[in-house]
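# kindly generate the corresponding structure for this input.
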Amino acid sequence: QVQLVESGGGLVQAGGSLRLSCAASGGTFSSYSMGWFRQTPGAERELIAGIAWSGLMTYYSDSVKGRFTISRDNAKNTLYLQMSSLNPEDTAVYYCAAHRHPYATSRPSSEYDYWGQGTQVTVSS
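The predicted model follows:
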């Protein structure tokens, strides 16, 4: 059983930056691929970034490519999402998730095994 806890969300002005963290415990973090999802009210949860167990393979959705960077530190059992050039359309609850396949960088949300509780990101115009 893996527990995931996100942090780093908050209110930021358009054009600003934030870094989200996802601390993992209770399992072998390095054996999982990881993903960042986001969700707005009434919408489905959207995969925006994924990373393989080693950190050497990544995926980005078109909506965040070039602005967000996913990374991980397996020694610290922590996943990160560096977000820059934020705009109001990035406002959402952001979730981290773990997938038991080590190379699952872009899989449907239903396939992920563990989820964090989410952290709110609000971008003001």
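# and the contacts of the one helix or strand Tyr59 maps to?
Assigning secondary structure by DSSP states H and E places Tyr59 in strand 58-60. Surrounding strand 58-60, the residues in contact under the criterion CB atoms under 8 Å, 6 or more residues apart in numbering are 47-52, 66, 68, 70, 105-106. Glycine gets a C-beta too; all of them are placed from N, C-alpha and C.
# want to throw these into TSV with pLDDT, secondary structure and neighbour count?
TSV is the format used below for those (pLDDT from 0 to 100; DSSP: H, G, I helix; E, B strand; the rest coil; neighbours: other CB atoms under 10 Å):
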residue	pLDDT	secondary structure	neighbour count
Leu47	98	strand	21
Ile48	98	strand	24
Ala49	98	strand	26
Gly50	98	strand	24
Ile51	98	strand	25
Ala52	97	coil	19
Gly66	98	coil	9
Phe68	98	strand	22
Ile70	98	strand	23
Thr105	94	coil	21
Ser106	95	coil	15
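# may I ask which two of the residues you listed are separated the most?
Greatest spacing in the contacts of strand 58-60, by CB to CB: Ala52 and Gly66 (20.0 Å).
# contact partners for Arg45?
Neighbours of Arg45 in contact, by CB under 8 Å, 6+ apart: 37-39, 95, 109.
# 10 Å instead, please
Contacts for Arg45 (CB atoms under 10 Å, 6 or more residues apart in numbering) come out as 37-39, 92-93, 95, 97, 108-110, 112, 115, 118.
# one more: Gly10?
With CB under 10 Å, 6+ apart, Gly10 has these contacts: 18, 20, 119-122.
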